[in-house]
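Trainee: dropping a prediction and its sequence here:
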Amino acid sequence: MNKKIVITGATKGIGRAIAEKFAKEGWYLALCARNETDLAGLKFALVNSHAQILTMKCDVSKKEEVKAFAEKINSKFGAVDIIVNNAGIFLPGQVINEADGTLETLIETNLYSAYHLSRTLLPEMIKKNTGHIFNLCSVASIQAYPNGGSYSISKFALLGLSKALREELKEHAIKVTALIAGATYTDSWKASDLPPDRFMKPEDVAQTVWDIYHLSANTVVEEILLRPILGDI
Ligand SMILES: NC(=O)c1ccc[n+]([C@@H]2O[C@H](COP(=O)([O-])OP(=O)(O)OC[C@H]3O[C@@H](n4cnc5c(N)ncnc54)[C@H](OP(=O)(O)O)[C@@H]3O)[C@@H](O)[C@H]2O)c1
């Protein structure tokens, strides 16, 4: 039977690279983003993989939308094998002077999204005692930096969610991995003057998800830290 992966924010960057990798390997995919045109384009691009692809326009920062996405997955796919909590945004700023509401926006998008998606999908996975959750954390999850402000707070919290889920899910043989990623060349960086070679490739993050998932049932990678070869930017 085909395995199933859920990826939030799958139309661009790291999420898209993961979607392409798993589609190529014949997995069924459940994918979301806010832009419907991009989602249709992604589905079209993946059509040759013959994978079954469920797409849904969903703003994961909105509790009701992310829960509706998860409920659709539960009804169409049943228990899934992998959840990738990838959708996230970066807003630069400092706690002392960033715009009012920045923390709320980042926590809703980068943290609550993963909390609600995981909580709604997990009951089906727990019935089968199998599955793997990957959370797209960041170097900002372990290290604050100037102009990182609320982004860093949201990513520290996502690492905290990963640790809490890891403890809760070990008895159900469901693995949890925090992907602590450094600068990766995606749309979020294309406006910068730095060359693509200064960054990690999204395909390497996708390959990491693939490799970690395929370890034996005995082992879980709880955290993995990936950085550009020249270090942080
Ligand atoms: N790139 C890096 O250097 C880097 C480093 C460490 C960690 N990360 C983390 O990795 C994840 C992916 O980053 P990326 O650079 O690949 O991002 P990206 O290229 O900007 O793509 C973001 C994806 O998420 C979707 N998205 C954004 N907000 C959403 C929302 N509220 N609801 C649903 N979908 C949403 C976007 O589509 P729509 O706009 O259509 O919704 C898009 O498909 C993020 O969590 C980021 O914090 C990135």
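Mentor: Perfect, I can see it now. Numbers count the residues shown, from 1 in each chain.

Trainee: in this protein, mark out all the helices, start to finish.
Mentor: Listed in chain order, the helices of the chain (DSSP state H) span 13-24, 36-45, 63-77, 102-107, 113-128, 149-169, 202-213.

Trainee: check contacts around the spatially most central residue of the chain.
Mentor: Closest to where the C-alpha atoms of the chain average out (C-alpha atoms, centre = their mean) is residue 86, at 1.7 Å. Neighbouring residues of residue 86 by C-beta atoms under 8 Å, 6 or more residues apart in numbering: 7-10, 14-15, 18, 134, 136. All C-beta spots, glycine's among them, are computed from the backbone N, C-alpha and C.

Trainee: nearest to the ligand, of those?
Mentor: residue 9 (2.3 Å; C-beta to the nearest ligand atom).

Trainee: skipping adjacent residues, who's closest to that closest one in space?
Mentor: Among residues not flanking residue 9 along the chain, residue 87 sits closest, at 3.0 Å (C-beta to C-beta, 6 or more residues apart in numbering).

Trainee: got the residues of this structure near the ligand?
Mentor: By C-beta under 6 Å from any ligand atom, the part of the chain that sits against the ligand consists of 8-15, 32-35, 38, 58-61, 86-90, 109, 136, 138, 181, 183-184, 186-188.

Trainee: check contacts around the closest residue to residue 106 other than its chain neighbours.
Mentor: Counting by C-beta to C-beta, 6+ apart, residue 106 lies nearest to residue 154, which is 4.2 Å off, once chain neighbours are set aside. With contact set as C-beta under 8 Å, 6+ apart, residue 154 has these partners: 88, 103, 106-107, 109-111.

Trainee: change it to 10 Å
Mentor: Residues in contact with residue 154 (C-beta atoms under 10 Å, 6 or more residues apart in numbering) are 88-91, 102-103, 105-112, 137-138, 140-141, 148.

Trainee: circling back to that earlier point, put together JSON lines for the helices of the chain, with distance to residue 222 and mean pLDDT on each row.
Mentor: Formatted as JSON lines, the helices of the chain follow (distance: least, C-beta to C-beta, whole Å; pLDDT from 0 to 100):
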{"stretch": "helix 13-24", "distance to residue 222": "19", "mean pLDDT": "97"}
{"stretch": "helix 36-45", "distance to residue 222": "30", "mean pLDDT": "97"}
{"stretch": "helix 63-77", "distance to residue 222": "24", "mean pLDDT": "98"}
{"stretch": "helix 102-107", "distance to residue 222": "23", "mean pLDDT": "98"}
{"stretch": "helix 113-128", "distance to residue 222": "16", "mean pLDDT": "98"}
{"stretch": "helix 149-169", "distance to residue 222": "6", "mean pLDDT": "98"}
{"stretch": "helix 202-213", "distance to residue 222": "10", "mean pLDDT": "98"}
